[in-house]
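Colleague: need a structure here:
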Amino acid sequence: MSRKPWLIVAVAALVFALAASAHAGAAASAVPDDIRLTWSESPKTTQTIGWRTDTTVTVGKVEYAAIGGSPATVLAPPPDTLATNVGAIKLFSVTLRDLEPGTMYVYRVGEDSTWSPYYTFETEKAEPERFQFIVFGDSHEKKPIYTVWKKTVTQAYQQNPEAKFIMSVGDLIYSGKDYTQWHAWFAGAQDVVARIPEMPVIGDHEPRGVTSKDEWQRPEYFVKLFRVPQNGPADFKGEVYSFDYGAAHIAVLNSEFTYEFEDAAHRKAMIDAEVAWLDADLTATTRPWKVLVYHEATYNLIPDRAGVPTKVNFGPVIDKHHVDVVFNGHDHGMARSYFIKNEDFVARAADGTVYFVSGRSGDNAKDSLGGKFWHSFFYDPQAQTCYLVVAVDRDRLTITTKLEDGTVVDRFRIDKANPDNSTPVVPFGAYVESEDIAFPSARFAPFGSLIQFGNPPQQNAGGEWFVDINALAAYMSGNFDPKTNVFSYHDNEIKLQLANNMFLDKTKKMVSLGGLTSVGFYCKYHKAMNVVTVERWRD
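Modeller: You can find the predicted model right below:
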């Protein structure tokens, strides 16, 4: 190969003139498809490339060259064979090493008789500088053909061509072991993920089988499809990892404890392993920005969802190391929190962490979304899909929330060098009905929603807090029977037995936080805000 054809192809690839080869259905062929970039090692000097073929192909190669440079060929290691619901396939993966930082390369994958189209990738510059990446919320679709995802990811990249990589915050597809969906997802994103790396996160749908009832499975396909850094805890490599780019250290966790393991002991072991790993990982980094990404929304939007497991387990490590930003998904809406530390609001970015819910990039718009009292910004993307653009340099981090058509609905900035240039986020203070009231009534926020009905929370002489049991039941579309002390919800599927000593008095209108805690709720009084929160801890 001469240099001239590589240069011509590279320029064409940069302007999207070449399209990925298309195959009918999800069945594999000898022609490479589902081509994707990730990083498993340094973004400055390496690039990991993966692709799929049918089982007739046993040899794979990558041909690549720096633009204007001499071409080289790398032989792929023996491929993995993956048995799928569309037949057995071969998964190839090559990590190109000893690349030049800050250099554009052109490449194709295949073997002597069958090659993919040409694509390009660019290595990270040797010295950290300002860069951008794109964050996508849940892309799984009710009609899993992934045409909505295709439009979203393609337009996002066309609108933000300087993006160096993308991150999908879990629930990429609906059924983690349905390769028909994986192929549709890759086909939709092919012109993006073959040019910039996709650094993905596991959601609650990745561990699921072909049907939604196939639960408690490890995310087998996900781990084999995405070759990410293998620096996570021993039992969760490929699910938990971290990497550096520019001035940012980005850590990825797996929050799907209840979908990978059926029994509580294994769930706890998973949580403990991740917490210990995260503590060590954040201790080791020297990058000025610490970013954490996992699927389950710690500060949620769905009315009866709760982020308690991540709040309780990840929260203390986040606070200890002052993570700057957490990106979550799961709730299909867009929101950012106040600055939070120890579950309370603080006034400055230097004192707390901001949590984002990243919206939706597929067709699945959720009903009944609403901002909670912990959100300073909320947007319900019913009409359009959406995404986040994150711009990072040494002193400033900017997160722009965009709709599919490019409309900006929020722009948030943290400026460490000049804090006055940061986006002002002023948490509200303690609730006071009147200056004449010495001890103002607290507010009640079940699942983070400030409600305006029922009795306000009360304290007894011993300082214990009580909340209106009927107001809680009404919020949860449940019922409390004072004759039997049974609290039921979820169409009476869940029934909790309360005791007489849990109530403030014989009227049984006000139940103690301690009593609710004993039957599986997570309760807290936030003194600075004079708010009582109650959430259900689902395990």
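Colleague: contacts and neighbour counts: CA atoms only from here.
Modeller: Noted.
Colleague: Pull stretch 122-139 out as CSV, backbone CA atoms only.
Modeller: The C-alpha coordinates for stretch 122-139 follow below in CSV (Å, rounded to 0.1, in the frame of the first residue of the first chain):
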residue,chain,number,x,y,z
GLU,A,122,-7.1,10.1,17.1
THR,A,123,-4.8,9.6,20.0
GLU,A,124,-4.8,11.9,23.0
LYS,A,125,-2.2,14.7,23.0
ALA,A,126,0.9,14.3,25.1
GLU,A,127,0.2,17.2,27.3
PRO,A,128,-3.3,17.6,28.9
GLU,A,129,-5.4,20.3,27.2
ARG,A,130,-9.1,21.2,27.0
PHE,A,131,-11.2,18.4,25.6
GLN,A,132,-14.9,17.3,25.3
PHE,A,133,-16.8,14.1,25.7
ILE,A,134,-20.5,13.2,25.3
VAL,A,135,-22.6,11.5,27.9
PHE,A,136,-25.7,9.5,26.8
GLY,A,137,-28.5,8.3,29.1
ASP,A,138,-30.4,5.1,28.5
SER,A,139,-30.6,4.1,24.8
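Colleague: Start the count at 46 instead of 1 going forward.
Modeller: Sure, I'll start counting at 46 from here, so that last one is stretch 167-184.
Colleague: Does residue 500 lie in a helix or a strand, and which?
Modeller: Using DSSP states H and E, residue 500 sits within no helix or strand.
Colleague: contacting residues around it?
Modeller: Going by Cα atoms under 8 Å, 6 or more residues apart in numbering, residue 500 touches 512, 513, 516.
Colleague: among those, who's most crowded?
Modeller: Highest neighbour count within those, by other Cα atoms under 10 Å: residue 512, with 29 neighbours.
Colleague: Enumerate the beta-bridge partners assigned to that one.
Modeller: Applying DSSP bridges to residue 512 gives these bridge partners: residue 556.
Colleague: ok, it to residue 345 distance?
Modeller: Going from residue 512 to residue 345 by Cα to Cα, to the nearest Å gives 21 Å.
Colleague: same thing with residue 506?
Modeller: In this view, residue 506 and residue 345 are 34 Å apart by Cα to Cα.
Colleague: neighbour-wise, which of those two wins?
Modeller: Higher neighbour count among residue 506 and residue 345: residue 345, with 31 against 6, using other Cα under 10 Å.
Colleague: Is the more buried one located within a helix, as I assumed?
Modeller: No: assessed with DSSP: H, G, I helix; E, B strand; the rest coil, residue 345 is coil; it does not lie in a helix.
Colleague: So, low pLDDT: which residues of the stretch 46-195 of the chain?
Modeller: Low-confidence segments of the stretch 46-195 of the chain (pLDDT under 70): 46-69.
Colleague: Show me where it has its strands.
Modeller: Taking DSSP state E, counting those that start in this stretch as the criterion, the stretch 46-195 of the chain carries its strands at 78-83, 92-98, 106-111, 117-120, 125-129, 132-141, 149-156, 159-160, 164-167, 176-181.
Colleague: can you put those strands in a markdown table and add distance to residue 446?
Modeller: Shown next, in a markdown table, are the strands of the stretch 46-195 of the chain (distance: least, Cα to Cα, whole Å):
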| stretch | distance to residue 446 |
| --- | --- |
| strand 78-83 | 24 |
| strand 92-98 | 29 |
| strand 106-111 | 34 |
| strand 117-120 | 40 |
| strand 125-129 | 37 |
| strand 132-141 | 33 |
| strand 149-156 | 29 |
| strand 159-160 | 38 |
| strand 164-167 | 25 |
| strand 176-181 | 10 |
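Colleague: Indicate which one of these is closest to residue 244.
Modeller: Nearest of the strands of the stretch 46-195 of the chain to residue 244, taken as Cα to Cα: strand 78-83 at 6.1 Å.
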